[in-house]
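**Q** model the following, please.
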Amino acid sequence: MLSDGKKIGAMLCFLGLAFFMFGVMWFLDRSLLTIGNVLFLTGVTLVIGPSSTAQFFATRSRKVGVHGVLCFFGGIILVLLKWTLFGIVLEAFGFLNLFGNFFPLVISFARRITVFNAILELPVIRDIADKIAGTQRPAQWA
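**A** Have a look, this model is predicted:
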């Protein structure tokens, strides 16, 4: 069972990604992007702990290369310095380098939560989520 801190951290991560998506949809709104970044990093810290978060970024820089960590945090800094479009592109590259291996885990976790499971079971989204998570469904009778 998850502790309350981890539940709050998971929700903050989700809210951070949601604010980030809203910031992109509303013509690269710098305020929403910044709130999304802060919420996401706070959520990650609450889920795995402060020392594990620092260790995660340190080990990822050794495994994947320092370019993933530098691109992620460099993108955040560029967004803060009003170079929003370049910051988002750089941050997205760093995000995929750092957290790309966790997408199957996140999808399997989200399928255990009722609200997210209902969204992930929508026809088009289900196919995409199954492909990312690497799961296969039994063939349906046509």
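
**Q** can you tell me the closest non-neighbouring residue to residue 74?
**A** Nearest-residue entry for residue 74: residue 90, 5.5 Å, with adjacent residues in sequence omitted and distances by Cβ to Cβ, 6 or more residues apart in numbering. Placement of C-beta: from N, CA and C, glycine included.

**Q** isn't that neighbour up against residue 78?
**A** Yes: using Cβ atoms under 8 Å as the test, residue 90 is close enough to residue 78 to be in contact (6.1 Å).

**Q** between the two, which one's more packed in?
**A** Per other Cβ atoms under 10 Å, whichever of residue 90 and residue 78 has more neighbours is residue 90, with 21 against 18.

**Q** distance-wise, check that one relative to residue 26.
**A** 20 Å (Cβ to Cβ, to the nearest Å).

**Q** for residue 138, report the pLDDT, please.
**A** If you check residue 138, the pLDDT there is 69.

**Q** number of residues surrounding residue 57?
**A** Residues near residue 57, counting by other Cβ under 10 Å: 15.

**Q** need the pLDDT of residue 142.
**A** 52.
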